[in-house]
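Asker: Would you be able to build a 3D model of this:
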Amino acid sequence: MTETAVRETKKFSILEGIFFNGMYLSTQGFIMLNLALYFNANPFFIAIISILPTATQVLQIFTKKLYALFKTRKKTLMVSIIISRTSMIFLPVAVFLDLRNPYIYTAIILIYSLFAPFVTNTWTAAMVEIINNKERGKYFGKRNFFISISSIFFTLIYGIFLAMPDKKTGYFILSLSIAISAVSTIFLMNRHHIPDFKPTAQKISYKEIFKNKDFITYLKFVSVWLFSLEFLKPFFEYFRVKTLGSDPRFLANIGVLTAVISMFLFIIYGKLSDKYGNRTILRLGIFFATYNALLYFTLTDDNFKVSLVLSGIFDAVGFTAINLCFLNLLMEVSKDPVEGYVSIYSAVVGITAMLAGLFAGILGTFINEGFIYLMGEKIYTIKLAFIIGFLLRLFSILRLTSINSFQKEFKYSGTLPLRSAMNKRITAFLPSYIAISRMKKEDHTSEDDKNIKENKE
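Answerer: Alright, predicted model coming up:
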């Protein structure tokens, strides 16, 4: 590929990520839950809908079949993205016709989810070849920076739409915005310069891939982490929206706060991951995500607003690192052909998500509405899920430490990480002030000693 083609692909990749984010928000978080409730979905439906985009990643193992059918990466990518993203057009149609049936919303998400894995696989494999290994952290940090800015915009206006007095009008405008974002990604993806697969890309030996011990260790970590992630996902949103009755605009404001913090952290983490390794930064992110699961256990009807704000901050610090370094670590432990590694990874992700979703759906039917009194305090039974998730995330940190990858020990040097991450001479005031004070004190001490010595002579 020429340098011009690489530059154009990088540019359109950022734009595509921004519009994709506008669509993807409808399948995640409080926006997904409000849409699901609007279509009269029960807790079991909500659990299934929440894990569909992840569970269907298992279909990536059939990417090789699509390559054989469509012959080129670009054609495989475009056919998959057209079918996947155009399914969102039916969302505003269903709202406009007042077809408030959970099966309809589930079917829309299912069609999107069935073809999205092939988009992910093909795009990821292409970007591995386009983006130099040394530049990945920096580039994807920049890409995610702009995606975070878009999250501020989309979350804010989606929250306004959800809070409109006329519910049908609000949900129609919301679903129409989602559909427009989805269609826009098709045109932007078409502007990508996608390199065709190498001759070995169609000859994937899964037997050889499973001999890669580093990759197998990575998969063990992935299975534990993603199970905890997909298991807790519906419980977090159900607890915030249904149990605590949080206002959509309040949740949107928290989303904006998270996006603002993430916006700057993506740049910082992008630099730090290149310097200290993806595993180091990923471990930091999972630590905060683990504590966040425990924080939800402490939420009550009286303190949930303050706690949810703290949770938004922990989400930003934790998941910014996770989103940036998770796939980067996969690229690090993978070898050619990359498609084979991505397919197996996606299969593990899909199977794990399905198991987590089924477990969450079954457990949710028993604990979603109940409560008990413990030491005189009202404890919602749904909090049992947060304890389970907390323990699973702790275990995932242990699994992460066993992955053999580049890692440099991180040491605090007395300055803000902004200095190295953003290439600016920003020094932490207090450590610098103390250091300067000590230097001055030492200088004065040296002068006093010199004067005393001269007087004695």
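Asker: Can you show me the helices along the stretch 101-250 of the chain?
Answerer: The residue ranges that make up the helices of the stretch 101-250 of the chain, judged by DSSP state H, counting those that start in this stretch, are 102-130, 136-162, 167-190, 206-209, 213-238, 248-276.
Asker: can you list those in TSV and add distance to T352, mean pLDDT and mean neighbour count?
Answerer: Any C-beta I mention is one placed from the backbone N, CA and C, and that applies to glycine too. As requested, these are exported to TSV (distance: least, Cβ to Cβ, whole Å; pLDDT from 0 to 100; neighbours: other Cβ atoms under 10 Å):
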stretch	distance to T352	mean pLDDT	mean neighbour count
helix 102-130	14	88	21
helix 136-162	23	85	20
helix 167-190	26	94	19
helix 206-209	18	79	12
helix 213-238	5	89	22
helix 248-276	24	84	21
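Asker: how about the ones you listed, which one is nearest D196?
Answerer: The minimum distance between D196 and the helices of the stretch 101-250 of the chain falls on helix 102-130, with 9.2 Å, by Cβ to Cβ.
Asker: elements contacting the closest one?
Answerer: Applying 3 or more Cβ pairs under 8 Å, 6 or more residues apart in numbering; DSSP states H and E, one finds that helix 102-130 makes contact with helix 3-24, helix 29-38, helix 43-55, helix 63-70, helix 73-86, helix 90-96, helix 338-367.
Asker: As CSV, the helices of the stretch 101-250 of the chain with distance to F371 would be great.
Answerer: Compiled in CSV, those are given as follows (distance: least, Cβ to Cβ, whole Å):
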stretch, distance to F371
helix 102-130, 26
helix 136-162, 26
helix 167-190, 28
helix 206-209, 48
helix 213-238, 14
helix 248-276, 22
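Asker: I'd like to know which of those lies nearest to N404.
Answerer: Nearest of these (Cβ to Cβ): helix 213-238, 4.9 Å.
Asker: starting at the chain centroid, how far to that closest one?
Answerer: Counting by Cα atoms, centre = their mean, to the nearest Å, helix 213-238 is centred 12 Å from the centre of its parent chain.
Asker: ok, now stretch 370-379?
Answerer: The answer for stretch 370-379 is 33 Å, by Cα atoms, centre = their mean.
Asker: Check stretch 311-320 too.
Answerer: Taking Cα atoms, centre = their mean, one finds stretch 311-320 lying 10 Å from the centre of the chain it belongs to.
Asker: Stretch 261-274 too?
Answerer: Counting by Cα atoms, centre = their mean, stretch 261-274 is centred 14 Å from the centre of its parent chain.
Asker: same deal with stretch 85-93?
Answerer: Taking the mean of its C-alpha atoms, stretch 85-93 sits 24 Å from the chain's own mean (Cα atoms, centre = their mean).
Asker: Please give me every residue in contact with A163.
Answerer: For A163, the contact set (Cβ atoms under 8 Å, 6 or more residues apart in numbering) comprises G170, D247, P248, R249.
Asker: 7 Å instead, please
Answerer: When contacts are counted by Cβ atoms under 7 Å, 6 or more residues apart in numbering, A163 touches D247, P248, R249.
Asker: Do you know the pLDDT at S346?
Answerer: Here the pLDDT value assigned to S346 is 80.
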